[in-house]
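Asker: sequence-free structure coming up:
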């Protein structure tokens, strides 16, 4: 893709919030799927005191990170999640972030 469209365009597709790559989905599109799933399937388990491991591709994790950490569209374009390095959220009983960091 970089050879065909250039490094800058590929970086825009990978990091922007609303720009879709050819035949793909933007971070906004991904968030529209991930956040409702988190709210209906994962949040109730967390509220019940369960420990949950979420494994997903980069944009799914970035969209969830945006939601959990209140990261705006501009800031998320500068976030690069390392592959294969777990990010741990320790939550309060009302599901607010107490601590967050990489393991």
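Answerer: On my side now, so go ahead. Nothing here was measured: the structure is a model prediction, and the numbers come from that model.
Asker: Please enumerate the helices of this protein.
Answerer: Listed in chain order, the helices of the chain (DSSP state H) span 2-5, 7-15, 27-37, 43-47, 58-69, 73-76.
Asker: out of the ones you listed, which comes closest to residue 100?
Answerer: With CB to CB as the measure, helix 58-69 is the member of these nearest residue 100 (6.9 Å). For the C-beta atoms, the positions are set from N, CA and C on the backbone; glycine is no exception.
Asker: Please report the distance of residue 31 from residue 73.
Answerer: Counting by CB to CB, to the nearest Å, the separation of residue 31 from residue 73 is 10 Å.
Asker: Tell me how many other residues crowd residue 96.
Answerer: Burial of residue 96 is recorded as 8 neighbouring residues (other CB atoms under 10 Å).
Asker: just residue 1 next, same as before
Answerer: 12.
Asker: got a list of what it touches?
Answerer: 10, 13, 21 (CB atoms under 8 Å, 6 or more residues apart in numbering).
Asker: and those, which are buried?
Answerer: Buried residues within the contacts of residue 1, counting neighbours by 16 or more other CB atoms under 10 Å: residue 13.
Asker: which one among the contacts of residue 1 gets closest to residue 88?
Answerer: In terms of CB to CB, no member of those lies closer to residue 88 than residue 13, at 28.6 Å.
Asker: Can you name the residues that contact that closest one?
Answerer: Residue 13 sits in contact with 1, 19, 20, 21, 24, where contact means CB under 8 Å, 6+ apart.
Asker: Just list the residues touching the fourth one, thanks.
Answerer: Same thing as residue 21. Residue 21 is in contact with 1, 13, 14, counting by CB under 8 Å, 6+ apart.
Asker: Same question for the second one.
Answerer: For residue 19, the set of contacting residues under the criterion of CB under 8 Å, 6+ apart consists of 12, 13, 26.
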